[in-house]
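**Q** take a look and give me a structure for this.
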Amino acid sequence: MNKEIKNKIINETVDTIVDSIYEVTQEYMYEFGNESESSDEFIKQQEMLEREVIKELYKRRINYESNV
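**A** Next up, the predicted model:
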């Protein structure tokens, strides 16, 4: 696989994952939280949750690699 195609696949996949994390955290915040609309505080909390999700994904990836 050439480098250009590999980079495109990686970038498109990352964009898809980031978009999904954004959408899912927002949905869950509305479903499980006391949120009815997006405010500055809502956005700050969502950004914090997104970072925590990414940290957890990284942690699970590291744990998976150590068990293979």
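
**Q** least confident secondary structure element in the chain?
**A** helix 40-67 (a mean of 92; mean pLDDT, DSSP states H and E).

**Q** packing partners for that one?
**A** If you count contacts as 3 or more CB pairs under 8 Å, 6 or more residues apart in numbering; DSSP states H and E, helix 40-67 packs onto helix 3-32. Glycine gets a C-beta too; all of them are placed from N, C-alpha and C.

**Q** pLDDT on the helix it packs on, on average?
**A** Across helix 3-32, the average pLDDT comes to 95.

**Q** what comes up buried for it?
**A** Across helix 3-32, burial judged by 16 or more other CB atoms under 10 Å covers Ile21, Thr25, Gln26, Met29.

**Q** got the contact list for the first one?
**A** The reference is to Ile21. Contact analysis of Ile21 by CB atoms under 8 Å, 6 or more residues apart in numbering lists Glu50, Val53, Ile54.

**Q** what of the second one?
**A** Taking CB under 8 Å, 6+ apart, we find Thr25 in contact with Gln46, Leu49, Glu50, Val53.

**Q** mind doing that once more with 6 Å?
**A** For Thr25, the contacting residues are Gln46, Leu49, Glu50, by CB atoms under 6 Å, 6 or more residues apart in numbering.

**Q** and of these, the nearest to Asn2?
**A** Set against Asn2, the nearest of the contacts of Thr25 by CB to CB is Glu50 (32.1 Å).

**Q** residue contacts, the closest one?
**A** Ile21, Thr25.

**Q** how much space between it and Ile43?
**A** According to CB to CB, to the nearest Å, Glu50 and Ile43 sit 10 Å apart.

**Q** kindly report the same for Asn63.
**A** Look at Asn63 and Ile43: by CB to CB, they are 30 Å apart.
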